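Undergrad: Predicted model and sequence below, questions to follow.
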Amino acid sequence: MGAKAGSDIQATAKRPIPPGFENAHVTPQIYAERYAASIRDPETFWAEEGKRLDWIKPYTKVKNTTFEYGKVSIRWYEDGVLNVAANCIDRHLEKRGDQVAIIWEPDDPNAPERRITYRELADKVARMANVLKAHGVAKGDRVVLYLPMIPEAAFAMLACARIGAIHSVVFGGFSPDALANRINDCDAKLVITADTAPRGGRRTPLKSNTDAALLHCDDKVKCLVVKHTGDQTTWIEGRDFDLLAEMEAASPDCPPEPMNAEDPLFILYTSGSTGKPKGVVHTSGGYLVYASMTHQLTFDYRDGDIFWCTADVGWVTGHSYIVYGPLANGATTLMFEGVPTWPDPGRFWAVCEKYKVNQFYTAPTAIRALMGQGSEWVEKYDLSSLRVLGTVGEPINPEAWAWYDKHVGKGRCPIVDTWWQTETGGHMITSLPGAIEAKPGSATLPFFGVKPVVLDPQSGAVIEGNGVEGVLAIADSWPGQMRTVWGDHQRFQDTYFQQYKGYYFTGDGCRRDEDGYYWITGRVDDVINVSGHRMGTAEIESALVAHEKVAEAAVVGYPHPVKGQGIYAYVTLMAGVEPSDELRKELVKWVRQEIGPIASPDLIQFAPGLPKTRSGKIMRRILRKIAENDYGSLGDTSTLADPAVVDDLIANRMNKG
Ligand code: WTA
């Protein structure tokens, strides 16, 4: 395996596929043949895959897409009519009405779990859909969900889908301000929330956060509340309604609304390189085809398997691999309300043992956190049911991979490292249990229909061949692709199709090794990845400068042993304000209030000045290097307006953490 001389693009050894996967859905031969077919003739390939769904009116057109800047348009199965909820529920009833669709494991290990069969799911979803209708929600209306990890979150998503309303789930860790911005951006008619959300023994006050958010929203926005913990909340008559009580009283009959394949299914806000989060829009037909197919093939899902994705439904991973993918496939999906380390670091494995989980899908940050607690927490449990392990959200470092493989998978479970994005709807580059041999740290090879290209970051030219490095783009559309930014198609085009004409630009850097395997090297834009959560540095900066004592702020990522990246903030204070540890704490608290706990800066360095070009642009490259403790390669600083600023920044770099 000849690594290029002087290059670090080595072809690391492949890990053979463990025994027992000879009859996997995808074998090496099937992968080779069908991948080639999917690229040669996408129309035929996706026409066939579309049949995995039930269509009210079958499609006659399959693919109608262009990445041409100025004319970007993405349409799949565009004359087909279907209902997503009917595909996730109704069509399974005859064969598996009594099969468990959702297992719910509560935060408190001593509290009772819930098992919801497909028949019960049908009942709950129809009732909730009727409650929504009674509150005036109609096809095309937006509904914001701000919920704990409880089955009602899945019911609510499916209830919206059933009546053609567009849901937008907001992660429970976001602040009232962040919630208000999202409600307003999509002009939601209604918010569904719960009293409080237990996590790791603590409770997030979702309802009072919602109350605070709604102060900044139209008076007409209604609030349906799930009384989950029974905690006391304020109640505004005429605006707040008891959702579970109304479901009891509602009819269990609600015919699914026929939806065009290209009608929006959901909006999910995600951070980009500019301040305001983007409303990523996914539509009905293509998204569900893609979520269902990737769930089945990437995890080698079989009828009867118990599938567990540990993500929160507030992120795309929860949408595609807790709710839509598994339920479209008639799977049993596990939903966990808690956290990996509470009441102790054996919780994940206790849950795997309790329900005999077959596929387990989590984030590298969780693996690293648990690895740090010692393997004895894993060894206590019987994990023999596990067959496939997965990771998502960030590159997995080889040490964490090896630990996951040895202690959790016992060397007999393939690990699928799935690279994808909120924008892509489902897995894009990933190994497959029976077909693609893993290499620790590499997402390996493209999924069916996905055409990755490595581009030269400066010229935008395609870099052919193996043993190369550049930025990652995708050359053609796939059914799970986002269609637009809610309310701003221009921003969609500008973000993804402007810089490299003719391609979807992912924002990630990558290398392709001598075996053609892809290694994601991280974001090349101003997005950072903290504990597998995507954060826009611009968003944190605008929160910081909104504080009265802050004149200017620049935020970058730095390597963090557990989180992957930590948040490093350089802050210039208003004249006359003295830096102090108290002020540091005040600013952290402030950012938590403005955005949410996930955006808390790990390190704040007070800086009298930031490195700027003569035209006033902050040179983030330099700030990144200082945060990374990598002073040797600061690069060209001659364009700085005041080079002395850099010496001061280096002298005062924060070193803890
Ligand atoms: C990163 C999460 C390396 C990447 C599904 C991407 C990864 C961003 C991987 C999307 C992986 C996700 N290996 N990096 N397996 N998976 N990423 O939108 O930088 O929250 O662009 O979607 O996470 O984050 P998002």
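TA: Arrived safely, thanks for sending. If you're wondering where the values come from, they're calculated on a predicted model, not measured in any experiment.
Undergrad: give me every residue that touches the residue of the stretch 251-400 of the chain found nearest the ligand.
TA: Closest residue of the stretch 251-400 of the chain to the ligand, Cβ to the nearest ligand atom: residue 395 (4.0 Å). C-beta coordinates here come from the backbone N, C-alpha and C atoms, glycine included. Counting by Cβ atoms under 8 Å, 6 or more residues apart in numbering, residue 395 touches 364, 417, 441, 443, 519-522, 564.
Undergrad: By mean pLDDT, point me to the weakest helix or strand of this protein.
TA: When each helix and strand of the chain is scored by mean pLDDT, DSSP states H and E, helix 644-651 comes last, with a mean of 88.
Undergrad: ok, and what's touching that helix?
TA: Residues outside helix 644-651 that contact it (Cβ under 8 Å, 6+ apart): 570, 605, 607-612, 622-623, 626, 631, 634, 637, 640.
Undergrad: Show me which residues of that helix are buried.
TA: Residues 645-646, 649 are the ones in helix 644-651 that count as buried (16 or more other Cβ atoms under 10 Å).
Undergrad: again, but for stretch 232-247
TA: 233, 240-241, 243-244, 246-247.
Undergrad: Out of the residues you listed, the closest to the ligand would be?
TA: For those, the nearest to the ligand is residue 243 (28.2 Å; Cβ to the nearest ligand atom).
Undergrad: Report the secondary structure state of the closest residue to that closest one other than its chain neighbours.
TA: Spatial nearest neighbour of residue 243, excluding adjacent residues (Cβ to Cβ, 6 or more residues apart in numbering): residue 224 at 4.2 Å. Three-state call for residue 224 (DSSP: H, G, I helix; E, B strand; the rest coil): strand.
Undergrad: What is the neighbour count of residue 224?
TA: Around residue 224 sit 25 other residues, with neighbours defined as other Cβ atoms under 10 Å.
Undergrad: Surely it is in contact with residue 131?
TA: Yes - if you go by Cβ atoms under 8 Å, residue 224 and residue 131 touch, sitting 7.0 Å apart.
Undergrad: Between those two, which contacts overlap?
TA: By the contact definition Cβ under 8 Å, 6+ apart, residue 224 and residue 131 are jointly contacted by 243, 246.
Undergrad: confidence score at residue 642?
TA: On pLDDT, residue 642 comes in at 84.
Undergrad: Could you pull up the residues touching the closest residue to it other than its chain neighbours?
TA: The shortest distance from residue 642 to any non-neighbouring residue, by Cβ to Cβ, 6+ apart, is to residue 609 (6.6 Å). Counting by Cβ under 8 Å, 6+ apart, residue 609 touches 572, 642, 645, 648.
Undergrad: of all the residues you listed, which two lie farthest apart?
TA: Greatest spatial distance among those (Cβ to Cβ): 572 and 642, at 12.9 Å.
Undergrad: Show me which of those two is the more surrounded one.
TA: Taking neighbours as other Cβ under 10 Å, residue 572 and residue 642 compare with residue 572 leading, 18 against 12.
Undergrad: which other helices and strands contact the host helix or strand of the more buried one?
TA: Using DSSP states H and E, residue 572 sits in strand 564-573. Other elements packing on strand 564-573 under the criterion 3 or more Cβ pairs under 8 Å, 6 or more residues apart in numbering; DSSP states H and E are helix 364-371, strand 527-530, helix 537-545, strand 550-560, helix 581-594, strand 603-606, helix 620-627.
Undergrad: could I get that strand in CSV with only the CA atoms?
TA: Output of strand 564-573 as CSV, limited to C-alpha atoms (Å, rounded to 0.1, in the frame of the first residue of the first chain):
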residue,chain,number,x,y,z
GLY,A,564,-14.2,17.0,20.3
GLN,A,565,-14.1,20.8,20.1
GLY,A,566,-14.5,23.3,22.9
ILE,A,567,-15.7,26.8,22.6
TYR,A,568,-12.9,29.4,22.9
ALA,A,569,-14.0,33.1,23.1
TYR,A,570,-11.8,36.1,22.8
VAL,A,571,-13.6,39.1,24.3
THR,A,572,-12.7,42.8,24.2
LEU,A,573,-14.4,44.7,26.9
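Undergrad: Could you check the angle it makes with strand 550-560?
TA: 160 degrees (axes from the mean of the first three to the mean of the last three Cα atoms, to 10 degrees).
Undergrad: buried residues in strand 564-573?
TA: Those buried within strand 564-573 under the rule 16+ other Cβ under 10 Å are 564-573.
Undergrad: Return the member of those residues nearest to residue 31.
TA: residue 564 (29.3 Å).
Undergrad: Closest residue of the stretch 501-650 of the chain to the ligand?
TA: Taking Cβ to the nearest ligand atom, the stretch 501-650 of the chain has residue 520 as its residue nearest the ligand, at 3.6 Å.
Undergrad: Compute the inter-axis angle for the helix or strand where that residue lies and strand 550-560.
TA: Remark: residue 520 resides in strand 518-523, with elements defined by DSSP H and E. For strand 518-523 against strand 550-560, the angle by the same axes, to 10 degrees is 150 degrees.
Undergrad: Could you name the helices and strands sitting against strand 518-523?
TA: Secondary elements touching strand 518-523 (3+ Cβ pairs under 8 Å, 6+ apart): strand 468-474, strand 504-512.
Undergrad: quick one: it to strand 468-474, angle?
TA: 80 degrees.
Undergrad: buried residues in strand 518-523?
TA: 518-520, 522-523.
Undergrad: Spatially nearest residue to the closest residue to the ligand within the stretch 1-150 of the chain (excluding sequence neighbours)?
TA: Minimum separation of the stretch 1-150 of the chain from the ligand (Cβ to the nearest ligand atom) falls at residue 12, amounting to 15.2 Å. Spatially, and ignoring its direct neighbours in sequence, residue 12 is nearest to residue 439 (4.9 Å; Cβ to Cβ, 6+ apart).
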